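Asks: Pasted the sequence and its predicted model underneath.
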Amino acid sequence: MGAKKVPLRQCIGCGQMKSKKEMLRIIKTAEEEVFLDATGKKNGRGAYICRDVVCLEKAQKTKGLERSLKIAISKEVYDALRKELDALGTE
């Protein structure tokens with residue numbers, strides 16, 4: 001039998017393709033809320049990012065997260081995402 005296919009996702013910050021398990025998912029719910037989805041299974045439109053604050057800052061600078069989620073994102077949301085990322089610990 002062949003090897004099991006590993007799902008790859010592209011980081012919206014650095015643009016690297018990595019396995020889904022190495023990335024963090026940021027979702028937009030139907031209520032227009034944006035937050036980190038640690039499980040990767042919650043409902044909503046998702047975008048993936050490396051477990052690195054630098055990639056989040058790149059995504060903020062290039063508005064990559066806003067394009068992916070199709071919503072305007074405030075500075076407060078980015079600050080909250082940064083705090084959640086710090087709490088999880090970077091690799």
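Replies: Okay, I see it.
Asks: and the longest helix along the chain, how far out from the chain's middle?
Replies: The residue-count maximum for a helix in the chain (DSSP state H) belongs to helix 75-88. What separates the centre of helix 75-88 from the centre of its chain is 11 Å, taken as CA atoms, centre = their mean, to the nearest Å.
Asks: which residues touch it?
Replies: Applying CB atoms under 8 Å, 6 or more residues apart in numbering, the contact partners of helix 75-88 are 24, 26, 34-36, 38, 51-53, 56, 60. Every residue, glycine included, has its C-beta placed from N, CA and C.
Asks: Give the buried residues for that helix.
Replies: Within helix 75-88, the residues that qualify as buried by neighbour count (16 or more other CB atoms under 10 Å) are 77-78, 81, 85.
Asks: Please apply the same query to stretch 8-27.
Replies: Buried positions in stretch 8-27, judged by neighbour count with 16+ other CB under 10 Å: 9-13, 18, 23-27.
Asks: Relative to A3, which of the residues you listed is nearest.
Replies: Set against A3, the nearest of the buried residues of stretch 8-27 by CB to CB is K18 (17.4 Å).
Asks: element containing the closest one?
Replies: Counting by DSSP states H and E, the element that carries K18 is strand 17-19.
Asks: go on, K58?
Replies: Assignment of secondary structure by DSSP H and E places K58 within helix 53-62.
Asks: leaving aside the residues next to it on the chain, what's closest to K20?
Replies: Nearest residue to K20 in three dimensions, chain neighbours excluded: P7, at 4.4 Å (CB to CB, 6 or more residues apart in numbering).
Asks: what does L65 give?
Replies: On the basis of CB to CB, 6+ apart, the spatially nearest residue to L65 that is not a chain neighbour turns out to be A59, at 4.5 Å.
Asks: list the contacts for the closest residue to K42 other than its chain neighbours?
Replies: On the basis of CB to CB, 6+ apart, the spatially nearest residue to K42 that is not a chain neighbour turns out to be I27, at 5.8 Å. Residues near I27 by CB under 8 Å, 6+ apart: 34-35, 37, 42-47, 69.
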